[in-house]
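Trainee: sequence plus predicted model, see below.
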Amino acid sequence: MKTAAIATNERATPSLVYRALLRSIKSGHMVPGAKLPNQYELAEQLNTSRSAVRSALAMMERQGLVRRQVGSGTYLTDDADDVFERMDQTAAADEHEDVPSFAEIVEGRLLFEPAMMHLVVSRVEDAEIAEMRSILVDILEAPVWKEFKERIYALHRQIFASTKNKFMIQVMNNILDDRRAVQFDGRDTDKPAPDAVRRQTHKDLALIVDAIAERNGKRAEELVSDHLMRTLATINIWQ
């Protein structure tokens, strides 16, 4: 099994490894149930480090895309190709004239937001957690794509607000303003988001809220990192 190497001018992050592996699944080079090459071989094929491969595989395992068998190796799950039905695949402009691109925003958020979750769990109030759970219901019931995106960002705004840090709140407000300015890079924004996408997004975000409710900073940090890395990996994934 061969996978496409990551371009040498790109940062070999786990997100890019994840992106390359998703493309290999979609192209049929990796089929559900198949055994993956070992980490050393994958790193060689992808022109990247074993640590980046290890992190990407751990993220895929948490998402249910791969399973590990002690003494045997790592395998794609039998329903791995179904992931594309649940994926919120954003076709975003590479750059905008007046605001950052979606990829730039997500890349920037990855630099600080996972670590921010320790501040969130130390300061969040029960009423704020209740509000997060209410917004989760709104996400699942969003009637059209644009409202679906608005409600996702409403949840993120509540999470940022729970830091009780005015600078962090300002950062999220600026992010939302920039995304609204380009209509979230959306097309057919008046049409419903696919049900499978809404359910998967709800599931991913609900896990983050559960970790916050449990005041589990390490778990929340891991989940937010996974969420943002998956988002970054799937921007314009087929272009």
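Mentor: Happy to help now that I have it. Numbering: from 1, shown residues only.

Trainee: list the buried ones in the lengthiest helix in the chain?
Mentor: Assignment by DSSP state H gives helix 102-123 as the longest helix of the chain. For helix 102-123, the buried set under the neighbour-count rule, 16 or more other CB atoms under 10 Å, comprises 102-103, 105-107, 109-110, 113-114, 116-121. Backbone N, C-alpha and C define where each C-beta goes, glycine included.

Trainee: relative to Ile237, how far out is Leu22?
Mentor: When CB to CB, to the nearest Å is applied, the distance between Leu22 and Ile237 equals 6 Å.

Trainee: likewise Arg23?
Mentor: As it turns out, when the distance is counted by CB to CB, Arg23 lies 7 Å from Ile237.

Trainee: pull the helix or strand with minimum mean pLDDT from this protein.
Mentor: Considering only helices and strands, the least confidently modelled element of the chain by mean pLDDT, DSSP states H and E is helix 83-86, at a mean of 70.

Trainee: pLDDT below threshold where in this structure?
Mentor: Flagging of the chain using pLDDT under 70 yields the residue ranges 1-12, 84-85, 88-92, 238-239.

Trainee: can you pull the domain assignment for it?
Mentor: For the chain, whose domains are defined here by automatic domain parsing, the residue ranges read 14-86, 102-234.

Trainee: which stretches in the protein count as helices?
Mentor: With helices called from DSSP H, the chain shows them at 14-27, 39-46, 50-63, 83-86, 102-123, 126-141, 145-161, 166-181, 195-213, 217-234.

Trainee: quick one: Thr234 and Arg23 touch, right?
Mentor: No - Thr234 lies out of contact with Arg23 (CB atoms under 8 Å); the separation is 10.3 Å.

Trainee: pick out whichever of these two has more residues nearby.
Mentor: Between Thr234 and Arg23, Thr234 has the larger neighbour count (other CB atoms under 10 Å), namely 19 against 16.

Trainee: so that one versus Val83, what's the distance?
Mentor: Relative to Val83, Thr234 is positioned 10 Å away (criterion: CB to CB).

Trainee: touching both of the two, which residues are there?
Mentor: Residues touching both Thr234 and Val83 (CB atoms under 8 Å, 6 or more residues apart in numbering): Leu22.

Trainee: ok, now how distant is the residue nearest to Glu107 when sequence neighbours are not counted from Leu16?
Mentor: Among residues not flanking Glu107 along the chain, Leu232 sits closest, at 6.3 Å (CB to CB, 6 or more residues apart in numbering). Per CB to CB, Leu232 is found 9 Å from Leu16.

Trainee: done for today, thanks.
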